[in-house]
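structure of the sequence below:
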Amino acid sequence: MVEETSTVSIGSQLDRVSEQLGISRRGFMKFCSGVAATMGLSSTAGIQIAQAAASPKRPPVIWLSGQECTGCTEALLRSQHPTLENLLLDLISLDYGETLSTAAGHLAEENKYRSMEENKGKYLLVIEGAIPTKDDGVYCKIAQKTILEHVTEAAENAAAIVSIGSCASWGGIPSSGPNPTGAKGAPEVLAGKTVVTIPGCPPNPYNFLATVLHFVAFGALPDIDDKGRPKFAYGRLIHENCERRAHFNAGRFALEFGDDGHRKGWCLYKLGCKGPETYANCPAVLFGDVGNASWPVGTGHGCFGCTEQGVGFTKPVYALSDVKNLHPPVTFPEVGSEQGEGVSAGTAALLAGLAGAAVGAGAVAASKMGSGDEADS
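Numbers count the residues shown, from 1 in each chain. Predicted structure coming up:
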């Protein structure tokens, strides 16, 4: 009887959340299962995420804003299926946030400190924007305190810390040279604490949502890489999943914006695309549910590496990227070259075939060496 009552209670909670979101229970479950799949979790994890999201108990969130343009919040508010502003307002209790708080001035600050005091070790701290550190951080102040003080203070008793956007993750645009305010990302300011970074300018809101859902459902943050980024979102190069990758492999490159190759949708590597050295899931999880035209490469412009420190906002747009896994073939003729100039298509095909044969031979030799080792052992 207790189990039956519990099942009914969970079902009613799911119905309540689905009704608030304006979607069916099936649609809500599909969304949660999709989030679980995106993070590489089992199918049963989707059920746990749905139950956690439907629970009336919501974790308190303190959202601090430093040197930023509010683009991360704006991107979050414009997401759909379901709309993230509704889901987040039902999923968490946003106790403080300059952009979204109803209260202002003293009331807002009082509410923040009350929440931090009553929820020690339980609240989620979200940091948006870089943190100036020069001259004791005087270049960004809220309620007579520097954002440096606010961040340090709020991080002391936070259950988890998430930095959203490149500015909060590693400094972003404010930290670009000459960086007169000494802007830094949250991980550098909060050295010694675990800070999950969701870089991007702005980041895909679904990466942030999935991270929050993981925390709510399992009481822990997802696996992260050496830069604090969730592996489910930043574990692979943009280049690996780019819709123009086939043109890269075939040696078809646009050389100028508007040239024949560019109009045909060829690879943008030679126009400075930073996809080959940038880790993110942009081509797989698009922005705003508007198709592939919702990210730079989909619109005909190269990736500018906003999720990578030392690439985005630092490396010139026209500079070639440092390809991490495979360099483009140099034996193919350039787009628009006249017949007889450079390497002919036949020669290129021959050289490519020889290269493929060499790779294949190497693989066979390696396999034989491996089998030989096993026999010897």
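
hey, let's count contacts and neighbours off CA atoms from now on
Noted.

export the helix or strand in which residue 216 is found to PDB, keeping only CA atoms.
Using DSSP states H and E, residue 216 sits in helix 205-218. The C-alpha coordinates for helix 205-218 follow below in PDB (Å, rounded to 0.1, in the frame of the first residue of the first chain):
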ATOM      1  CA  PRO A 205      21.800  26.600 -22.100                       C
ATOM      2  CA  TYR A 206      21.200  22.900 -22.300                       C
ATOM      3  CA  ASN A 207      24.700  22.200 -21.000                       C
ATOM      4  CA  PHE A 208      23.900  24.300 -18.000                       C
ATOM      5  CA  LEU A 209      20.500  22.700 -17.500                       C
ATOM      6  CA  ALA A 210      21.900  19.200 -17.700                       C
ATOM      7  CA  THR A 211      24.500  20.000 -15.100                       C
ATOM      8  CA  VAL A 212      21.900  21.400 -12.700                       C
ATOM      9  CA  LEU A 213      19.600  18.400 -13.300                       C
ATOM     10  CA  HIS A 214      22.500  16.000 -12.600                       C
ATOM     11  CA  PHE A 215      23.100  17.900  -9.300                       C
ATOM     12  CA  VAL A 216      19.400  17.900  -8.300                       C
ATOM     13  CA  ALA A 217      18.900  14.200  -9.200                       C
ATOM     14  CA  PHE A 218      22.000  12.700  -7.800                       C
END
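
what's the offset of the helix or strand just after it from the middle of its chain?
Sequence-wise, the next helix or strand downstream of helix 205-218 (DSSP H and E) is helix 231-234. The chain centre lies 7 Å from the centre of helix 231-234; the measure is Cα atoms, centre = their mean, to the nearest Å.

how about the CA coordinates for stretch 178-188, as PDB?
The C-alpha trace of stretch 178-188 is given here as PDB (Å, rounded to 0.1, in the frame of the first residue of the first chain):
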ATOM      1  CA  PRO A 178      45.700  44.400 -21.600                       C
ATOM      2  CA  ASN A 179      43.100  43.400 -18.900                       C
ATOM      3  CA  PRO A 180      43.200  46.600 -16.900                       C
ATOM      4  CA  THR A 181      40.900  45.300 -14.100                       C
ATOM      5  CA  GLY A 182      42.800  42.100 -13.500                       C
ATOM      6  CA  ALA A 183      39.700  40.000 -14.500                       C
ATOM      7  CA  LYS A 184      39.900  36.300 -13.800                       C
ATOM      8  CA  GLY A 185      37.600  33.300 -13.900                       C
ATOM      9  CA  ALA A 186      35.900  31.800 -10.900                       C
ATOM     10  CA  PRO A 187      38.200  28.700 -10.800                       C
ATOM     11  CA  GLU A 188      41.300  30.900 -10.500                       C
END
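
and the residue nearest to residue 68 when sequence neighbours are not counted, how close does it get to residue 26?
Spatial nearest neighbour of residue 68, excluding adjacent residues (Cα to Cα, 6 or more residues apart in numbering): residue 129 at 4.4 Å. According to Cα to Cα, to the nearest Å, residue 129 stands 36 Å off from residue 26.

please say which of the two ends up with more neighbours.
A count of neighbours by other Cα atoms under 10 Å puts residue 129 above the other of residue 129 and residue 26, at 31 against 12.
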